[in-house]
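**Q** when you get a sec, could you give me coordinates for this:
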Amino acid sequence: MSIDIKEVKRLRGLTGVGMTDAKKALEASKGDFDKALKEMRQKGLTKADKRSEREVRAGVIGTYNHDNRIGVLVEINCETDFVARNELFAQLVKDIAMHVAALDPEYLSKADVSSDVQQNLRREFSAKAKNEGKPADIIDKIVDGQIEKYLAEKCLLEQPFVKNPDQTVGEYVKEYVAKLGENIVIRRYARFALGEVG
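**A** Take a look at the predicted model:
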């Protein structure tokens, strides 16, 4: 089967893997780009994970304003000024700020959810499961699932990305780590809505 070089380049650009790996993935998927992307994304994310320990000192503070009613500030860091000035990096910053405006996450990551909050959730979900008459031997599994679902809704890095709900914001950032070849970290964000107090 003949594989179009444009598709190989496109796949490489989205995953950060080499041309040979991208071509092999397309051949293995019999030319099905989406299937190849799904498989190669895993390899691209593996490369991104290796970069996650590198120090980030450069970056930008980006803004997003929605209808003059919602405003967002977001600080995203990378390793070098070169990447911080890159158009791809600017697109990532804009997309993350827009996502924060749309989905209003309460926490950046699971690590930011205090143990007190998690214990309170566990008690609340456990009491609810007992009241609904769930079997005692599966209540812990039910509660674990409900906590995971809660964190996926409330933590920025766990939320389904607003422009592509098939991936989380964390996976979206890792795609850019693979594309740009540097560690990238969402450091902090702030969301303001007209008329809100606090």
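
**Q** and this protein, split by domain according to the record?
**A** Following automatic domain parsing, one gets these domains for the chain: 5-51, 58-108+155-193, 114-153.

**Q** and the end-to-end length of the last one?
**A** It refers to domain 114-153. Using Cα to Cα, to the nearest Å, the end-to-end distance of domain 114-153 comes to 16 Å.

**Q** tell me which residues in it are buried?
**A** 121, 125-126, 129, 139, 142-143, 146-147, 150-151 (16 or more other Cβ atoms under 10 Å). Backbone N, C-alpha and C define where each C-beta goes, glycine included.

**Q** possible to save the domains of the chain as JSON lines with mean pLDDT?
**A** JSON lines is the format used below for the domains of the chain (pLDDT from 0 to 100):
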{"stretch": "domain 5-51", "mean pLDDT": "73"}
{"stretch": "domain 58-108+155-193", "mean pLDDT": "94"}
{"stretch": "domain 114-153", "mean pLDDT": "87"}
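
**Q** now do the strands in the protein.
**A** Along the chain, counting by DSSP state E, strands occupy 58-66, 70-78, 160-161, 164-168, 185-193.

**Q** and stretch 178-186, how far out from the chain middle?
**A** 12 Å (Cα atoms, centre = their mean, to the nearest Å).

**Q** buried set for it?
**A** For stretch 178-186, burial by neighbour count (16+ other Cβ under 10 Å) applies to 178-180, 182-186.

**Q** want to throw those into CSV with distance to Lys30?
**A** What follows is the buried residues of stretch 178-186, written out as CSV (distance: Cβ to Cβ, whole Å):
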residue, distance to Lys30
Ala178, 24
Lys179, 26
Leu180, 30
Glu182, 34
Asn183, 35
Ile184, 33
Val185, 38
Ile186, 37
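
**Q** ok, back up a step: tell me which of the strands of the chain sits nearest to Ala25.
**A** Minimum separation from Ala25 across those (Cβ to Cβ) falls at strand 164-168, 17.4 Å.
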